[in-house]
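Peer 1: Turn this into a model:
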Amino acid sequence: MVRPPTNPIHLYWPRAAGSEKTTRYEIAGVELVSNRELPELEPFRSGWAAAELPGSASVIRVSADLPVVYDGRGWVGGRDVAVICRAEGRSYRLEVGSRAVVEIAERENVVQIKVPGEVRDKDSRLAVLGPGLALALALGGRFSLHAGAFLRRRRAVLVLGESGAGKSTLSAAFEAQRTGSRLADDILPVSVDVSGRLAAHPRFPQLKLGSEDQWLGARDVEVAEVLLLRRDRRSARLTDRRFSAREAALRLIENTVACRLFGPGLRIAHLDAFTAAAMVVPISDLSVPDGLDRLSGTIAYLRGEGRP
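Peer 2: Predicted coordinates:
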């Protein structure tokens with residue numbers, strides 16, 4: 001499956017005078033060029049950029065006076081922190097924790113991310129690689145799902161579910177049994193084409209995994225089905241119920257990373273994309289018996305053994 005290229009992302013950090021090199025990465029099938037090396041993206045490095053990023057005169061400036069679209073708490077870098085998101089049109093300003101500020105905007109078919117001022121702390125980096133990158137990809141039509149995923153017969157099976165439901169365990173078990181390869185452990189960008197088909201873009205940093213476990217295979221993988229995984233401690237039987245299109249769209253939407261930060265235009269695009277996908281892609285509620293001793297039965301079922 002080949003997807004049309006989406007807007008490149010330019011990432012601007014405050015940097016010391018005299019620093020000239022830029023670094024090019026490929027993230028979720030999108031070219032990302034940064035004026036600072038990022039260890040978390042190292043597996044996805046595609047070499048030194050041939051030219052510098054455009055100069056400071058062309059870098060976005062996002063006003064601190066934009067309307068607030070979200071003011072609450074958010075999970076960033078493994079911590080529950082205060083998050084304020086301001087948005088207008090295709091411009092966003094994130095305020096994360098007490099100090100981190102990230103500006104995101106689309107200009108002339110390029111999505112720019114900027115960390116203004118002299119902030120260089122860990123909070124800024126996590127804000128950029130978390131909600132900042134999720135918003136930048138969404139502006140290019142790639143929405144990030146909280147999902148594990150594995151490859152089955154050259155197509156992707158996505159596993160949604162609450163923390164602790166077993167997404168990572170199931171994806172890792174598929175890989176360990178050589179049944180399929182793990183595409184994602186936690187976050188997976190996806191896109192929807194005009195016919196409603198869903199594609200996964202698994203070249204994306206899985207921060208819970210080591211460098212050697214990052215997916216560096218196919219850039220775009222067609223999605224065969226999506227499963228909402230639930231553990232059932234009261235039953236010894238596995239049950240699989242196909243969602244209606246309306247239910248399926250809601251499950252995709254509520255499992256989208258940073259969707260509470262979307263402004264009005266991005267909310268509409270998000271709703272339209274997943275409504276179309278829900279009409280085409282099988283999306284099911286999968287209730288599995290609790291206990292690792294029953295994992296092999298779940299894997300056999302997902303391979304197609306005993307499925308209708």
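Peer 1: all contacts plus neighbour counts: C-alpha atoms, from now on.
Peer 2: OK.
Peer 1: what about the spatially closest residue to residue 258 that is not a sequence neighbour, is that helix, strand or coil?
Peer 2: Among residues not flanking residue 258 along the chain, residue 131 sits closest, at 5.9 Å (CA to CA, 6 or more residues apart in numbering). At residue 131 the chain is in helix, as set by DSSP: H, G, I helix; E, B strand; the rest coil.
Peer 1: Name all residues that make contact with residue 131.
Peer 2: 76, 257-258 (CA atoms under 8 Å, 6 or more residues apart in numbering).
Peer 1: Closest one of these to residue 112?
Peer 2: Proximity of these to residue 112 (CA to CA) peaks at residue 258, which lies at 17.6 Å.
Peer 1: contacting residues for the closest one?
Peer 2: 131, 134-135.
Peer 1: Tell me the backbone dihedrals of it, please.
Peer 2: Taking degrees, to the nearest 10, you get phi 60, psi 20 for the backbone angles of residue 258.
Peer 1: That one and residue 264: what is the separation?
Peer 2: Note on residue 258: its distance to residue 264, by CA to CA, to the nearest Å, is 14 Å.
Peer 1: same question, residue 122
Peer 2: Using CA to CA, we find residue 122 at a distance of 30 Å from residue 264.
Peer 1: try residue 99
Peer 2: Taking CA to CA as the measure, residue 99 falls 26 Å from residue 264.
Peer 1: Between these two, which has more neighbouring residues?
Peer 2: More crowded of residue 99 and residue 264, by other CA atoms under 10 Å: residue 264, with 14 against 11.
Peer 1: residue contacts, the residue nearest to that one when sequence neighbours are not counted?
Peer 2: Excluding the flanking residues, the one nearest residue 264 by CA to CA, 6+ apart is residue 89, at 7.9 Å. Contacts for residue 89 were tallied using CA under 8 Å, 6+ apart; they are 263-265.
Peer 1: just residue 281 next, same as before
Peer 2: 196-198, 223-226.
Peer 1: what's the answer for residue 246, then?
Peer 2: Neighbouring residues of residue 246 by CA under 8 Å, 6+ apart: 275, 278.
Peer 1: Which helix or strand lies directly C-terminal to the helix or strand hosting it?
Peer 2: Using DSSP states H and E, residue 246 sits in helix 245-254. Scanning forward in sequence from helix 245-254 by DSSP H and E, the next helix or strand is helix 264-278.
Peer 1: Please put the alpha-carbon coordinates of the helix or strand that comes right after that following helix into CSV.
Peer 2: Of the helices and strands lying after helix 264-278 in sequence (DSSP H and E), the nearest is strand 283-289. Output in CSV follows, covering the C-alpha atoms of strand 283-289 (Å, rounded to 0.1, in the frame of the first residue of the first chain):
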residue,chain,number,x,y,z
ILE,A,283,-14.0,-3.0,14.3
SER,A,284,-14.9,-5.4,17.1
ASP,A,285,-15.2,-5.7,20.9
LEU,A,286,-13.0,-8.6,22.0
SER,A,287,-13.5,-9.9,25.5
VAL,A,288,-10.7,-12.3,26.5
PRO,A,289,-10.4,-14.6,29.6
